[in-house]
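Undergrad: Would you be able to build a 3D model of this:
(one chain, ligands or ions: 1)
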Amino acid sequence: MSLALLGGEKAVRLDYEKVGNRPLVDEKSRAAVNAVLDSNKLSMNPIVREFEKKFADYIGAQYALAMNNGTATLNSAVWAVGVEPGDEVIVPSYTFWATVVPILSARGVPVFCEVDPETFTLDPADIERRITPRTKAIMVVHVWGCPADMDAIMAIAKKHNLKVIEDCSHAHGATYKGKKVGTIGDAGCFSMQDTKLLCAGEGGVFVTNDRDVYERAVAYGHYERIRELPPDSPYSKYTLTGMAYKYRVHPLGIAVANVELDRLDERNEIRDSQGKRLEDEVAKLGFIRPQKVPEGARRVYAYHYVRYDASKLGGLSLNTLLKAVSAEGVLCGTCGYGRLHYAPIFVEGGPYHDCGPAVPDLRLPVTEALGEDTFMMAPRFENICPELVNQYIEAYYKVLENLDALITYEKELGVTTTQENTGRSINLFR
Ligand SMILES: Cc1ncc(COP(=O)(O)O)c(C=O)c1O
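TA: Numbers count the residues shown, from 1 in each chain. Predicted structure coming up:
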């Protein structure tokens, strides 16, 4: 069958929005939202505490604190684990900006570190190389839903007396050696923005098992809860003022997330089994490499980013590959990660220039290569839709079957550049 790009029939005939996706809000969450509206309490509604308790139990953490977004949880975490001006925090560049900028806002210094080319998560050997006497913490990202190599990272942290923050924004429900991610380090940070596995529209949730870290997070962004801390807490004295930030979450979003949390495992199962099948089948073609999941970990398929190996397709550019599969009806995208170490806010310091340039002339070859060759091969399959998954697999098989024609097409047209890199996790290719 010839490629849709060259005039053939599309491989993907089913409509993703109809069979593969689902509405973010259904009858049950609508009813929960209505109950909050009817309660006449649109700020400090008890649903927030109910959700926090449920989330803490689900994750296996002692404390959970809901916030207005994931960025707020990261800002809180950096301060809560004790990062002080001039302290260095080791962090990947293969991530969203909100993993890193909070380090600057605490007047710390982000120290960008390589990721592993197979797992796309922090490379423990490179962490060790970047440790200095000023290193205070390691910021781990379980990117695309795949747990980082936590045993190695925690061993390094222990050896050098460092704090560990986990950015779990893509990894609600992922586990590492029997523990949910977010509970392995000193603090876990989850986004609940509407593209995430657990959705509040906008929202975040911070978790920790450390009483002091919890109290600091309360003091940082929840002034109204400072009075609930024990009188001998070192943070009780800030009741009148807080710490300049107000991170209280909107209860309407939490009403949605609270219902969604009950179904998270079930939804992860649907997404993961189908995501894994797609990846396994397409990987047989040899030109994609899925993210490697560390031993003893269970990933969640928040996003289907894989590496493209152009050498297996006669040097065909990623752009032409995406053009071809997109014409087949595949929802796919380029990757916005892997270039933060070039961002002016880090190189020049921006409003934080008095902290000094963070990354003068830094090159991260593995990270930069990943930024170039990882791409989103499919959207999440939110419903059980084996036929749609089959059609996605067929689309990728068609590329291989028609490779000569596609290479000729590319030669005639010339290689066009890939989309502008926006730094977002999702840059849909159209
Ligand atoms: C890895 C990562 N960290 C942090 C965040 C920030 O979360 P939020 O958008 O809820 O502030 C995101 C959200 O896109 C993310 O993908």
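Undergrad: contacting residues for whichever residue of the stretch 201-350 of the chain sits closest to the ligand?
TA: Closest to the ligand within the stretch 201-350 of the chain is G204: 5.1 Å, counting by C-beta to the nearest ligand atom. Quick note: C-beta positions are derived from backbone N, CA and C, even for glycine. Taking C-beta atoms under 8 Å, 6 or more residues apart in numbering as the criterion, G204 is in contact with 66-73, 189-192, 249.
Undergrad: Of those, which is the most crowded?
TA: Neighbour count (other C-beta atoms under 10 Å) singles out T73 as the most crowded of these, with 34 neighbours.
Undergrad: Now do the helix or strand containing that one: which elements does it pack against?
TA: Using DSSP states H and E, T73 sits within helix 70-80. Secondary-structure packing of helix 70-80 (3 or more C-beta pairs under 8 Å, 6 or more residues apart in numbering; DSSP states H and E): strand 63-67, helix 101-105, strand 163-167, strand 187-191, strand 204-208, helix 211-221.
Undergrad: where along the stretch 201-350 of the chain do the helices fall?
TA: 211-221, 251-262, 264-283, 318-327, 344-347 (DSSP state H, counting those that start in this stretch).
Undergrad: Save these as TSV, and put in distance to the ligand too.
TA: Formatted as TSV, the helices of the stretch 201-350 of the chain follow (distance: least, C-beta to the nearest ligand atom, whole Å):
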stretch	distance to the ligand
helix 211-221	13
helix 251-262	11
helix 264-283	17
helix 318-327	21
helix 344-347	15
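Undergrad: could you dump those to a markdown table with mean neighbour count and mean pLDDT?
TA: A markdown table is the format used below for these (neighbours: other C-beta atoms under 10 Å; pLDDT from 0 to 100):
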| stretch | mean neighbour count | mean pLDDT |
| --- | --- | --- |
| helix 211-221 | 23 | 98 |
| helix 251-262 | 23 | 98 |
| helix 264-283 | 18 | 98 |
| helix 318-327 | 21 | 97 |
| helix 344-347 | 16 | 89 |
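Undergrad: among these, which is nearest H170?
TA: Closest approach to H170 among these (C-beta to C-beta): helix 264-283, 12.0 Å.
Undergrad: Quick check on the most centrally placed residue in the chain: phi, psi?
TA: When C-alpha atoms, centre = their mean is applied to the chain, the residue found nearest the centroid is H170 (3.4 Å). Main-chain torsions, H170, degrees, to the nearest 10: phi -110, psi 0.
Undergrad: rewinding a little: tell me the helix or strand right after the helix holding T73.
TA: As assigned by DSSP H and E, the chain's next helix or strand after helix 70-80 is strand 88-92.
Undergrad: Just checking: what are the partner strands of that next one?
TA: For strand 88-92, the paired strands and their directions (DSSP bridges) read strand 109-113 (parallel), strand 135-141 (parallel).
Undergrad: next SSE after the longest one?
TA: Elements were assigned by DSSP H and E; along the chain past strand 135-141, the next helix or strand is helix 150-160.
Undergrad: average pLDDT across stretch 87-96?
TA: The average pLDDT for stretch 87-96 rounds to 97.
Undergrad: no wait, stretch 100-114
TA: Stretch 100-114 comes out at a mean pLDDT of 95.
Undergrad: likewise stretch 286-302?
TA: 98.
Undergrad: got the end-to-end distance for that stretch?
TA: Taking C-alpha to C-alpha, to the nearest Å, stretch 286-302 runs 23 Å from one end to the other.
Undergrad: Over to stretch 217-237?
TA: Termini of stretch 217-237 sit 15 Å apart (C-alpha to C-alpha).
Undergrad: For that stretch, which residues meet the burial criterion?
TA: A217, V218, A219, Y220, G221, H222, Y223, R225, I226, L229, S233, Y235 (16 or more other C-beta atoms under 10 Å).
Undergrad: can you name the two of these that are farthest apart?
TA: Using C-beta to C-beta, the two most remote members of the buried residues of stretch 217-237 are G221 and S233, lying 15.7 Å apart.
Undergrad: Give the full set of residues in contact with the nearest residue to G221 once chain neighbours are set aside.
TA: Spatially, and ignoring its direct neighbours in sequence, G221 is nearest to Y247 (3.2 Å; C-beta to C-beta, 6 or more residues apart in numbering). Listed by C-beta under 8 Å, 6+ apart, the contact set of Y247 reads M67, N68, A72, T73, N75, S76, Y220, G221, H222.
Undergrad: how near is the first one to the ligand?
TA: So the one you mean is M67. Distance of M67 to the ligand, computed by C-beta to the nearest ligand atom, to the nearest Å: 9 Å.
Undergrad: I figured that residue hits G253, correct?
TA: No. M67 is beyond contact range of G253, at 10.8 Å (criterion: C-beta atoms under 8 Å).
Undergrad: Could you name every residue contacting both of the two?
TA: G203.
Undergrad: Going by proximity to the ligand, name the top residue of this protein.
TA: G70 (2.6 Å).
Undergrad: Which residue comes closest to that residue once chain neighbours are left out?
TA: G70 sits nearest to S191 (C-beta to C-beta, 6+ apart), 2.6 Å away.
Undergrad: what do you get for A369?
TA: Nearest to A369 is P117, by C-beta to C-beta, 6+ apart, at 7.2 Å.
Undergrad: which bits of the protein sit near the ligand?
TA: 69-71, 95-96, 98-99, 141, 167, 169-170, 191, 193, 204, 425 (C-beta under 6 Å from any ligand atom).
Undergrad: Apply 5 Å and report the result again.
TA: N69, G70, T71, F96, A98, T99, D167, S169, S191, Q193 (C-beta under 5 Å from any ligand atom).
Undergrad: SS state for the nearest residue to the third one once chain neighbours are set aside?
TA: This points to T71. Nearest non-adjacent residue to T71, counting by C-beta to C-beta, 6+ apart: A98, 4.1 Å away. The three-state label given to A98 by DSSP: H, G, I helix; E, B strand; the rest coil is helix.
Undergrad: Could you double-check that A98 lies in contact with L74?
TA: Yes. The pair A98 / L74 is scored as a contact, 5.7 Å apart, by C-beta under 8 Å.
Undergrad: the more surrounded of these two?
TA: Neighbour count, other C-beta under 10 Å: between A98 and L74, L74 has more, with 28 against 20.
Undergrad: dump the residue contacts of the more buried one.
TA: A98, T99, P102, I165, D167, C189 are the contacts of L74 under C-beta under 8 Å, 6+ apart.
Undergrad: hmm, back to that, any idea of the angle the helix holding T73 forms with strand 135-141?
TA: Inter-element angle recorded for helix 70-80 and strand 135-141: 160 degrees (by axes from the mean of the first three to the mean of the last three C-alpha atoms, to 10 degrees).
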